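Student: A structural model of the following input is requested.
(6 chains)
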6 protein chains.
Amino acid sequence: MPGARVSSGDRVTLRTVEAEDVPFLQRAGANPAIRYPLGARLRNREAIDVSEEEAGTDRLLVCLDGEDAGPGRADEDDTRPIGAVSVECVDYRRPELGYWLVPAVHGQGYGTEAVGLAIDYVFRSYDKPAVGAGAFDHNDASRGLLESLGFTEEGRRRKFMFVDGAHRDMVQYGLLREEWVDEG
Amino acid sequence: MPGARVSSGDRVTLRTVEAEDVPFLQRAGANPAIRYPLGARLRNREAIDVSEEEAGTDRLLVCLDGEDAGPGRADEDDTRPIGAVSVECVDYRRPELGYWLVPAVHGQGYGTEAVGLAIDYVFRSYDKPAVGAGAFDHNDASRGLLESLGFTEEGRRRKFMFVDGAHRDMVQYGLLREEWVDEG
Amino acid sequence: MPGARVSSGDRVTLRTVEAEDVPFLQRAGANPAIRYPLGARLRNREAIDVSEEEAGTDRLLVCLDGEDAGPGRADEDDTRPIGAVSVECVDYRRPELGYWLVPAVHGQGYGTEAVGLAIDYVFRSYDKPAVGAGAFDHNDASRGLLESLGFTEEGRRRKFMFVDGAHRDMVQYGLLREEWVDEG
Amino acid sequence: MPGARVSSGDRVTLRTVEAEDVPFLQRAGANPAIRYPLGARLRNREAIDVSEEEAGTDRLLVCLDGEDAGPGRADEDDTRPIGAVSVECVDYRRPELGYWLVPAVHGQGYGTEAVGLAIDYVFRSYDKPAVGAGAFDHNDASRGLLESLGFTEEGRRRKFMFVDGAHRDMVQYGLLREEWVDEG
Amino acid sequence: MPGARVSSGDRVTLRTVEAEDVPFLQRAGANPAIRYPLGARLRNREAIDVSEEEAGTDRLLVCLDGEDAGPGRADEDDTRPIGAVSVECVDYRRPELGYWLVPAVHGQGYGTEAVGLAIDYVFRSYDKPAVGAGAFDHNDASRGLLESLGFTEEGRRRKFMFVDGAHRDMVQYGLLREEWVDEG
Amino acid sequence: MPGARVSSGDRVTLRTVEAEDVPFLQRAGANPAIRYPLGARLRNREAIDVSEEEAGTDRLLVCLDGEDAGPGRADEDDTRPIGAVSVECVDYRRPELGYWLVPAVHGQGYGTEAVGLAIDYVFRSYDKPAVGAGAFDHNDASRGLLESLGFTEEGRRRKFMFVDGAHRDMVQYGLLREEWVDEG
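Tutor: You can find the predicted model right below:
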């Protein structure tokens, strides 16, 4: 059974991440098209544990529901996971967003909608004045998504990490609550 | 369900190692045709644990996918494991490659392709100037594979281990990042 | 699924011992026809643990495979366990062999073949100049097996253990590597 | 007994942090003059554990030794702790420096010397192309220290944390290996 | 305080082994003059644990008491440890004796007296028909001691262990209860 | 109390490593003059544990005893630790030596004597046909020591580790048992 519906937009739904989602998360995380832009480590299914609560982190599955999931699907269980959004460090500092979509659905605006839902979720749930997000310099898709949502580029940590064969700069973005309100 | 696809070449695919792969790994590891050339210890299935992450080690399953796996197989789950590649000690020194294929597929170039994919993986994922690999003196297949990929013989640790009835020299090979770039 | 094939002779195969073999091992170990000659303790299934590796001990299951296992069996999984061989103390002194077969297959030479395979395994795997084995004075079958394989009687520990109603002498046998080479 | 000497400059010495240093670290960490500029959490002594190695983090005590420690002190054990430097995340990304000194010694250049020794330590010990450090906007002393050592301001995470009564921006600094070589 | 008196002969006393005896036992065990003849492994004090009961083993300290301990010593605490005797495997088979004395007191008959006391202890404490003891072929002192006490050489396990630079035979001795009664 | 005497040469004594030696070992291990040539990680006292036996590793303290330790010292406890020797992997392959001396005693031949005693210890204690040792390319003192003892340079693992600001080659040395017998 899919995780519980947390929030829905025009096309995508955010759901809780459940044990049954581990194979999806692990396959996506190992996919070079996702792993290299994110600078993520390889993990097998046993190394992904969704049962322990990680303090200060919310994990959300990005799904297409009902007819968006494909022809002939109508009920709640007709849902197709297409990515994930995480909200980290909500306990003591500015929350930080992370996100990815499977390559098959790139370029259709699902990511922008999903991250927008996550920002709404954060500002409704936590007394925080801003949210942040980082993207490696070479991750144009991720940077474009953040900019389209109104994020401001706040800085660039030079040679932050070795990713996909080179030392990459981490570009840091931030969005203040009042900026989001103005946008939304 | 097979492990996640990590990297694919013309014929072989590297996947993450999952709990369901333990019987394959253990059977192969006990096979005299694999065990003696590698100098490996006998282990039963209970002694192989893929659920704990071993710090600084990546384990990859070598697979034939789709039509390469046999007639009438087309989707992602049609995959046949034929060996394994490991990348050890990536955390503090030059990573060291280990690898084996089941005897039934020897001599067809699968090993060279799989180890080549693993080298690509290492140099894309880790900021290391070189990779190493060792083969016992009597393991001609393994030594030929390394040499065909451009590895340089760097030394020979004499009487390194008692393997298959004799004290064997361990022949040490290394490949610098710039040598691989020249080759690739 | 049976344990991995470690070594095969004309008729018997040695395999790794797996969790699924515990009921067979425990029933055999409790059988008076096996327990009394060996001087073995009674154990229930919970007391037999094959999941922890015991340092310096290799445990092997003696099996009949394929057509030897019975009519209508052809593939790798058609295997019938008929006994066990252990190799103890390989880490710091002369390894010591232990072995037993179920009574139903006694007298057909399976034991001699299985122990011979185990000796080959020991001398190929470990840098040891000799193997030992002990048999109680009253265990004629075991003593005959050792002698037929070329073991030398090296001594007799008098009144070594109380077994099957009497204090029995333990007859000690040994086989040097060069003696086995001469034999094999 | 003080921790081992790791590195010495003209006036300060960096030492390993030992169990006996916990009361010093805890008192300093609770001191409002240190805690508020750093945005540090309150912890009691039991919450500070120096016995477990934290993967990827080096902790160093800043000390004044011998005559610098005060009158009448000459041998190795005459040492006075005045602060701490930490090096975090050396295992997978750009290391991040943290540091503080007790207020009594502020303004005398000890911090600059201590952080300089730590940068030397990082670039000699780890194959990293850069180090980073962050300081809250209102922490002028810390920002001045980083700038005097050649760090570049790379960005500003707005309203990063609620510290000392207000949402503070985190100013991010970085220093490339070649910039430090030019400086040193 | 020395361990409790277990048994006394004309000159030596057997006492229980206590935590305070660990430094003596460890120093003696590391002494090449004791370690090589016994084929013992090197251990530091932390590796010797006398607090856990080892099932089926009695450990006894060989001591010189009172005036035998040296001039000017008269009370119970005036005791000087000179060696140790162990009795192993008393729970399920023929007990096996082990023993050593520090080199300074060799050749004065203390060992023979101490082992004799231990044999008395075994036959009075346990319903066993025999005791055993082993000595490496090259350990003439130990073999002479056993023979002087009436032990019979029962066998020789060839190339039993690598000790002091060579593969040594283990010579096995045994003493039946009735043989000891005849002697004592 | 110092650890037990394991072996003595003309000037140095090898002793077991005890809990009381941890401060010495940790101070030396943090000393840049020792840490950088060895490529060792920084550890505090809590991170060094001598109480757990590490399987297959012997740790020895190099000491000056009696008059060599300084004026007015005569009994067994007058001993001054000056370094350490380790013997690793004795359980399954060629043992590997490691060693260091404190800088104050460099250049006086103590290291050569200590490593020579350790080689004697290894060949007397273990049935191994060879010992190995590695030294980084830039560690001239260590390489000279190995060569003076008769070790053969067997190879060079290029860019093996990042040590003291650069990627260093690990030069591998080996000494066969018969070569040592010829030398000794």
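
Student: contact partners of stretch A:87-94?
Tutor: A:55-58, A:60, A:95-98, A:118, A:121-122, A:125-126, A:128-132, A:174, D:41, D:157, D:159-161 (Cβ atoms under 8 Å, 6 or more residues apart in numbering or on different chains). In this view, the C-beta of every residue, glycine as well, is placed from N, C-alpha and C.

Student: residues in chain A within reach of chain D, list them.
Tutor: Proximity of chain A to chain D, by Cβ under 8 Å from any Cβ of the partner chain, involves residues A:41, A:92-94, A:129-130, A:132, A:152, A:154-161, A:167, A:172, A:174, A:176.

Student: buried stuff in the helix or strand bottoming out on mean pLDDT in chain A?
Tutor: The weakest-scoring helix or strand in chain A, judged by mean pLDDT, DSSP states H and E, is helix A:177-183 (a mean of 78). For helix A:177-183, burial by neighbour count (16 or more other Cβ atoms under 10 Å in any protein chain shown) applies to A:177, A:179-180.

Student: if I pick A:Ala135, what's in contact with it?
Tutor: The contact partners of A:Ala135, taken as Cβ under 8 Å, 6+ apart, are A:142-143, A:146, A:170-171, A:173.

Student: which of the residues you listed sits closest to chain F?
Tutor: Of all the contacts of A:Ala135, A:Met170 has the smallest distance to chain F: 22.0 Å, by Cβ to the nearest Cβ.

Student: for the helix or strand containing that closest one, packing partners?
Tutor: Using DSSP states H and E, A:Met170 sits within strand A:166-176. With contacts taken as 3 or more Cβ pairs under 8 Å, 6 or more residues apart in numbering or on different chains; DSSP states H and E, strand A:166-176 sits against strand A:130-136, helix A:140-148, strand A:152-163, strand D:152-163.

Student: adding distance to B:Gly83, write the ones you listed out as TSV.
Tutor: Formatted as TSV, these follow (distance: least, Cβ to Cβ, whole Å):
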stretch	distance to B:Gly83
strand A:130-136	33
helix A:140-148	35
strand A:152-163	28
strand D:152-163	45
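
Student: so of the ones you listed, which one's packed in deepest?
Tutor: strand A:130-136 (a mean of 24; mean count of other Cβ atoms under 10 Å in any protein chain shown).

Student: what strands line up against it, and which way round?
Tutor: Applying DSSP bridges, strand A:130-136 is found paired with strand A:96-101 (parallel), strand A:166-176 (antiparallel).

Student: of all those strands, which lies closest to C:His138?
Tutor: strand A:96-101 (71.4 Å; Cβ to Cβ).

Student: what's the angle from the closest one to strand D:152-163?
Tutor: Comparing the axes of strand A:96-101 and strand D:152-163 via axes from the mean of the first three to the mean of the last three Cα atoms, to 10 degrees yields an angle of 110 degrees.

Student: got the angle for strand A:96-101 vs helix A:140-148?
Tutor: Angle of strand A:96-101 versus helix A:140-148, following the same axes, to 10 degrees, is 130 degrees.

Student: contacting residues around strand A:96-101?
Tutor: Residues from elsewhere that reach strand A:96-101 (Cβ under 8 Å, 6+ apart): A:28, A:34, A:38, A:62, A:82-89, A:110-111, A:114-115, A:118-119, A:122, A:131-134, A:142, A:145.

Student: that strand - what's its average pLDDT?
Tutor: The average of the pLDDT scores along strand A:96-101 is 96.

Student: again, but for stretch A:5-22
Tutor: Stretch A:5-22 comes out at a mean pLDDT of 94.

Student: and the least confident helix or strand of chain A, what does it pack onto?
Tutor: helix A:110-125.

Student: now do stretch A:144-154: distance from first to last residue.
Tutor: Terminal residues of stretch A:144-154 are spaced 15 Å apart (Cα to Cα, to the nearest Å).

Student: go on, stretch A:13-30?
Tutor: Start-to-end, stretch A:13-30 (Cα to Cα) is 23 Å.

Student: tell me how far that stretch lies from the chain's centre.
Tutor: Centroid separation between stretch A:13-30 and its chain, computed with Cα atoms, centre = their mean, to the nearest Å, is 12 Å.

Student: does chain B sit close to that stretch?
Tutor: Yes: judged by Cβ under 8 Å from any Cβ, stretch A:13-30 and chain B are in contact via A:23, A:26-30.

Student: who wins on neighbours among the residues you listed?
Tutor: A:Ala30 (24 neighbours; other Cβ atoms under 10 Å in any protein chain shown).

Student: so who does the closest residue to it other than its chain neighbours touch?
Tutor: Closest residue in space to A:Ala30, ignoring its immediate chain neighbours: B:Ala4 at 3.4 Å, by Cβ to Cβ, 6 or more residues apart in numbering or on different chains. Listed by Cβ under 8 Å, 6+ apart, the contact set of B:Ala4 reads A:26-31, A:44, B:15-16.

Student: now those residues in TSV, with secondary structure?
Tutor: Putting those into TSV (DSSP: H, G, I helix; E, B strand; the rest coil) gives the following:
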residue	secondary structure
A:Gln26	helix
A:Arg27	helix
A:Ala28	helix
A:Gly29	helix
A:Ala30	helix
A:Asn31	coil
A:Asn44	coil
B:Arg15	strand
B:Thr16	strand
